[in-house]
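Engineer: Can you look at this prediction? I've put the sequence above it.
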Amino acid sequence: MNLKLNPLSAPLPGKVLPFLQAEFWAQFKSDFGWRSLPFALDFAPDSTAPSISTELRVLVRRLAGPLCFAYVPGGPAIDCPASSRSDLLTALGTALKPHLPPSCILIRFDAPWCEEDGSGADSPDQPSPDRVTMVHRPVFEKPLRKAASDVQPPDTVLLSLEAGEEELLAAMKPKWRYNIKLAAKKGVIVTEEGVEALPLFYELYEETSLRDHIAIHPRKYYERLFARARALSGPEAPDLRLWVARHEGEALAAIITLYFGRTATYLYGASSDLKREYMPSYALQWAAIRAARESGCADYDFYGIPPNDDPAHPMAGLYRFKTGFGGRVLHYAGSWDLVLSPLLYGGWQAAEALRKFWFKDLRKRSLRKP
């Protein structure tokens, strides 16, 4: 395996990276305590294979005192054979170590490789417990270790936009086509309103948080996301859009989508308890999908579902909603760690377990309505 890593002074020409590896995302995360380290990466699985060149952005976050950890989201953006992936991440971590602070505890990877299962548009609207889909995802070898919790959603639905609108509709579950038409029949109107509608979105998002017991960022987080997106121009500029579904002028639901490169990503969604029977969420997704296709995107990433169609899962409704639009269900490896300081890693694991307990249990309880 041949791997070279050098600090990057200027973006490599012609490289379109996943948004998590893009410069704008690194700048956005820098507003919240992360430091971005850009590198030029050259990789060849063996001496006979041609070298692949790409950019790699590593985020570094300070912990208590001088301690810190490094995080590689969505990278490296390399189509690597499955047999070489563990070696690649290990070699990459070894090459990164001299560029990181000596007090760095670990390097966490959210690698871009995935496996596909056979569920999606062909699965029934209401799955039964005896046909829950088995999940297969990439697994890495030692010295890499599976993290206690994932940073990015490890499971998603990816909808190809290569087909025409009628073909896209035909590939949906029948009830999803019906709900899209019902929303239009009821007079639900979807408009792209931009950052000016962010206060409205956040109001709906807070309502969603209370109803569905999910944790959300402060409003400043989403304000900075739009600010960073609007500050860039040219081919690397992200196209961040905020959509609102209204009925007779009343806002019922809203979503935020990101069109970057040839992939559209559904980042955030919020809805009111009002007129849910008018199906505004279906109208929103269909509007965003059509716009993504018109903008030249090849795929629409629904970005985050439960791992399978288990009806007992607390977010089972989210799985059914997103897979109902068609597409492929993809399973990523999730977060994996390369430990740099074994002595301190045990304390890190304990702190992370406590944080996971707070966000997954105690904080959700505090979000429940009285």
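Structural biologist: Received the coordinates, thanks.
Engineer: got a list of what residue 278 touches?
Structural biologist: Residues counted as contacts of residue 278 (CB atoms under 8 Å, 6 or more residues apart in numbering) are 182, 183, 186, 188, 247, 252. To be clear about C-beta, it is placed using only N, CA and C from the backbone, and glycine gets the same treatment.
Engineer: Select only the buried ones of those in ChimeraX?
Structural biologist: Typed into ChimeraX, the line below selects the buried ones among those, using 16 or more other CB atoms under 10 Å:
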select :182,183,188,247,252
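Engineer: Go through the contacts of residue 278 and name the one nearest residue 27.
Structural biologist: residue 252 (33.2 Å; CB to CB).
Engineer: Can you verify that closest one is assigned to a helix?
Structural biologist: No. With DSSP: H, G, I helix; E, B strand; the rest coil as the criterion, residue 252 is located in strand rather than a helix.
Engineer: Just the contacts of residue 278: which are in helices?
Structural biologist: 182, 183, 186 (DSSP state H).
Engineer: Among those residues, which one lies nearest to residue 105?
Structural biologist: Comparing those against residue 105 with CB to CB places residue 183 closest, at 49.0 Å.
Engineer: wait, what's in contact with the closest one?
Structural biologist: 245, 278, 279, 280, 282, 283.
Engineer: Could you rerun that using 7 Å?
Structural biologist: 278, 279, 280, 282, 283 (CB atoms under 7 Å, 6 or more residues apart in numbering).
Engineer: Pick out the most distant pair among those residues.
Structural biologist: 278 and 282 (9.4 Å).
Engineer: could the contacts of residue 183 be laid out in CSV, adding secondary structure and pLDDT?
Structural biologist: As requested, the contacts of residue 183 are arranged in CSV below (DSSP: H, G, I helix; E, B strand; the rest coil; pLDDT from 0 to 100):
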residue, secondary structure, pLDDT
278, helix, 97
279, coil, 98
280, helix, 98
282, helix, 98
283, helix, 98
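Engineer: Of the ones in helices among the contacts of residue 278, just say which sits nearest to residue 165.
Structural biologist: Of these, the one sitting nearest to residue 165 (CB to CB) turns out to be residue 183, at 15.7 Å.
Engineer: what's the closest non-adjacent residue to that closest one?
Structural biologist: Spatially, and ignoring its direct neighbours in sequence, residue 183 is nearest to residue 283 (3.8 Å; CB to CB, 6 or more residues apart in numbering).
Engineer: What is the neighbour count of the one you found?
Structural biologist: 26 (other CB atoms under 10 Å).
Engineer: ok, it touching residue 188?
Structural biologist: Yes. Using CB atoms under 7 Å, residue 283 is in contact with residue 188, at 4.9 Å.
Engineer: which intervals of the stretch 1-150 of the chain have sub-threshold pLDDT?
Structural biologist: 118-131 (pLDDT under 70).
Engineer: the strands in it, which residues?
Structural biologist: 2-7, 34-44, 52-62, 68-73, 104-110, 114-120, 144-146 (DSSP state E, counting those that start in this stretch).
Engineer: Show me whatever sits in contact with both of residue 283 and residue 188.
Structural biologist: Shared contacts of residue 283 and residue 188, defined by CB under 7 Å, 6+ apart, comprise residue 245.
Engineer: what is the mean pLDDT for the strand or helix carrying residue 317?
Structural biologist: According to DSSP states H and E, residue 317 maps onto helix 316-323. In this model, helix 316-323 carries a mean pLDDT of 96.
Engineer: Would you mind extracting the C-alpha trace of that helix into PDB?
Structural biologist: Only the C-alpha atoms of helix 316-323 are listed here, as PDB (Å, rounded to 0.1, in the frame of the first residue of the first chain):
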ATOM      1  CA  ALA A 316     -40.000   3.200  13.000                       C
ATOM      2  CA  GLY A 317     -42.200   5.800  11.500                       C
ATOM      3  CA  LEU A 318     -39.200   7.700  10.100                       C
ATOM      4  CA  TYR A 319     -38.000   4.500   8.400                       C
ATOM      5  CA  ARG A 320     -41.400   3.900   6.800                       C
ATOM      6  CA  PHE A 321     -41.700   7.600   5.700                       C
ATOM      7  CA  LYS A 322     -38.300   7.900   4.100                       C
ATOM      8  CA  THR A 323     -38.200   4.400   2.400                       C
END
